[in-house]
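Asker: Give me a 3D structure for the following:
(one chain, ligands or ions: 2)
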Amino acid sequence: MSETLFTGISQLVSPAAGVRRGPAMGALTQIDDAALLVRGGLVAWAGPRTEAPEAAQTHDLGGVAVVPGLVDPHTHAVWAGDRLADFEARISGVPYEEILARGGGIRRTMRATASADVDTLVALARPRLAALRASGATTAEVKSGYGLDFDAEVRMLRAIQQLRAEFLLVPTLLIHVPPQDGRAAYVRAVCQELIPQVAREGLATAVDVFCEKEAFSVGETRQIFAAAQAHGLSVKLHADQFHAIGGTELACEIGALSVDHLEASGSAQIQALAISGTVATILPGVTLHLGLPAAPGRALIDAGAAVAVGTDLNPGSSPVFSTQLALALAVRLCGLTPAEALSAATVNAAHALGLSDCGALVPGQRADFLALHSADWRDLAYTLGASPVREVWQAGALAR
Ligand code: NIG
Ligand code: FE
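Answerer: Ligands and ions are numbered 1, 2, ... in the order given. Here you go, the predicted model:
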């Protein structure tokens, strides 16, 4: 079994393994002048270099900080077409929801994506996923959700499945917006046809719903969640992006993995998340790009919730191709400390995907880690517009 001792680590900084809630998110372990032993792709040992065990090979990282590989728990990295005209309309004052209500926005991307075959979708998504990985994301979730019909939804999931040969991805079926006519029949068919097929073919591990005035109601979301859980799939939710209509409370009640967005959450939603096992995933790229209020990251942590952060990479609300930038924005826009943001982007993001084998540099976890350009790990949260990440290591191997 291959064995490498990594040295030349000015600081090895990591949260403990497992989800961190509330104030525990800010507690990191920092080992100065550290070494990291990787055996068979897993962390075998981490500690001060002077106490390091012998190893078959050594690799000197040159005196830089090392942190766990980031986990991006929320992306829509597969899409065709663009939203540049919507972008111009928005910056001249037309709201995102109005563009959607007029048949643009998400529906525009659905029309473009519906006419793309699997190979085209793979080719479009590959450089986006490569950008996320270069920014530090060793694992990323990818959603469907731009299928106008079920065949297009399944094509998106097959594209994600193909990309899993190149990237560590977690696939999610997203039920995004209802058709303009016949929404009750559509929800029934999602529950009776699409979800059973996706579960049978192993095309997704979770089902996500966009619960919003312009998308699905709480009642419709409840039906879709029941079908997902009956087929052994986890559930997660887009909720409280524009209006807090009750989706967060439903998701917490039924044990969803995560509720994502939360820009419009108030104290009732914060409280529901604080006392539940559901992760609160914040997406500060949306705040930046749409000029929305920021999700209450600080209040969520102070209330005791487990907060994760992701890019929400998508063409309409967050053209953010860097998971590190999402982490850095969570500090600026949502009031997280750098240490809390690192927990949010690693162990908590992993937990939001139902993963427990990555996110922390402790024995037994997959050896996914980042060698920064800097000797001080805080550059990860500080740097904007250039990458503080020099190298991305996945299961102990350099990703390229
Ligand atoms: O997470 N709000 C719903 N879904 C996506 C946006 C998708 C799009 O605009 O294409 C989101 O923000
Ligand atoms: Fe999203």
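Asker: need the residues of the stretch 51-200 of the chain near ligand 1, please.
Answerer: With C-beta under 6 Å from any ligand atom as the criterion, the stretch 51-200 of the chain meets ligand 1 at residues 76, 105-106, 109. Heads up, the C-betas are built off the backbone N, CA and C, glycines and all.
Asker: go with 5 Å
Answerer: The stretch 51-200 of the chain comes close to ligand 1 at residues residue 106, as judged by C-beta under 5 Å from any ligand atom.
Asker: For ligand 1, what is the nearest residue in the stretch 51-200 of the chain?
Answerer: residue 106 (4.5 Å; C-beta to the nearest ligand atom).
Asker: What about residue 24, how many residues nearby?
Answerer: Using other C-beta atoms under 10 Å, residue 24 has 16 other residues around it.
Asker: Now the residue nearest to it when sequence neighbours are not counted: which helix or strand?
Answerer: Spatially, and ignoring its direct neighbours in sequence, residue 24 is nearest to residue 343 (7.9 Å; C-beta to C-beta, 6 or more residues apart in numbering). Element membership for residue 343, per DSSP states H and E: helix 338-345.
Asker: Convert the C-alpha atoms of that helix to CSV, please.
Answerer: Only the C-alpha atoms of helix 338-345 are listed here, as CSV (Å, rounded to 0.1, in the frame of the first residue of the first chain):
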residue,chain,number,x,y,z
PRO,A,338,-12.5,32.5,9.1
ALA,A,339,-12.4,29.5,11.4
GLU,A,340,-16.2,29.1,11.2
ALA,A,341,-16.1,29.4,7.5
LEU,A,342,-13.5,26.6,7.2
SER,A,343,-15.8,24.3,9.3
ALA,A,344,-18.7,25.4,7.1
ALA,A,345,-16.9,24.6,3.9
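Asker: so how far is that helix off the chain centroid?
Answerer: 13 Å (C-alpha atoms, centre = their mean, to the nearest Å).
Asker: Ok, stretch 301-318 next?
Answerer: Remark: stretch 301-318 is offset 8 Å from the chain centroid, using C-alpha atoms, centre = their mean.
Asker: What of stretch 320-331?
Answerer: For stretch 320-331, the distance to the chain centre is 11 Å (C-alpha atoms, centre = their mean).
Asker: coming back round to it: which strands and helices sit next to the helix or strand following the helix holding residue 343?
Answerer: Next helix or strand after helix 338-345 toward the C-terminus (DSSP H and E): helix 347-352. Helices and strands touching helix 347-352, as assessed by 3 or more C-beta pairs under 8 Å, 6 or more residues apart in numbering; DSSP states H and E, comprise strand 70-72, strand 279-282, strand 307-309.
Asker: With mean pLDDT added, can I get these in CSV?
Answerer: Listed next are these as CSV, based on pLDDT from 0 to 100:
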stretch, mean pLDDT
strand 70-72, 99
strand 279-282, 99
strand 307-309, 99
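Asker: buried stuff in stretch 254-273?
Answerer: Using 16 or more other C-beta atoms under 10 Å as the burial criterion, the residues of stretch 254-273 that qualify are 254, 256-265, 269-273.
Asker: so of these, which ones are in strands?
Answerer: If you go by DSSP state E, those have 258-261 in strands.
Asker: can you put those residues in CSV and add distance to residue 382?
Answerer: Below are those laid out as CSV (distance: C-beta to C-beta, whole Å):
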residue, distance to residue 382
258, 27
259, 28
260, 25
261, 25
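Asker: any chance of the helices and strands packed on helix 347-352 in TSV, plus distance to residue 290 and mean neighbour count?
Answerer: Below are the helices and strands packed on helix 347-352 laid out as TSV (distance: least, C-beta to C-beta, whole Å; neighbours: other C-beta atoms under 10 Å):
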stretch	distance to residue 290	mean neighbour count
strand 70-72	19	33
strand 279-282	14	30
strand 307-309	17	33
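Asker: Quick check: residues of the stretch 251-400 of the chain near ligand 1?
Answerer: 312, 314, 316-317.
Asker: To what extent is the residue of the stretch 51-200 of the chain closest to ligand 1 buried, counted in neighbours?
Answerer: 25.
Asker: Any idea which residue is closest to the centre of the chain?
Answerer: Residue closest to the average C-alpha location in the chain (C-alpha atoms, centre = their mean): residue 73, at 1.7 Å.
Asker: quick one: pLDDT of it?
Answerer: As predicted, residue 73 sits at a pLDDT of 99.
Asker: Make 392 the first number, not 1, from now on.
Answerer: Will do, 392 is the new start, and the previous item becomes residue 464.
Asker: what sits against the residue in the chain that ligand 1 sits nearest to?
Answerer: Using C-beta to the nearest ligand atom, the closest approach of the chain to ligand 1 is made by residue 707 at 2.2 Å. If you count contacts by C-beta atoms under 8 Å, 6 or more residues apart in numbering, residue 707 has them with 474, 477, 487, 496-497, 500.
Asker: Residue 416 is in contact with residue 730, correct?
Answerer: Yes. If you go by C-beta atoms under 8 Å, residue 730 and residue 416 touch, sitting 7.3 Å apart.
Asker: Those two: which has the busier surroundings?
Answerer: For residue 730 and residue 416, the more surrounded residue by other C-beta under 10 Å is residue 416, and the numbers stand at 26 against 20.
Asker: you'd agree the more buried one is in a strand?
Answerer: No. Applying DSSP: H, G, I helix; E, B strand; the rest coil, one finds residue 416 to be helix, outside a strand.
Asker: list the contacts for it?
Answerer: Per C-beta under 8 Å, 6+ apart, neighbours of residue 416: 406, 692, 697-698, 727, 730-731, 734-735, 739.
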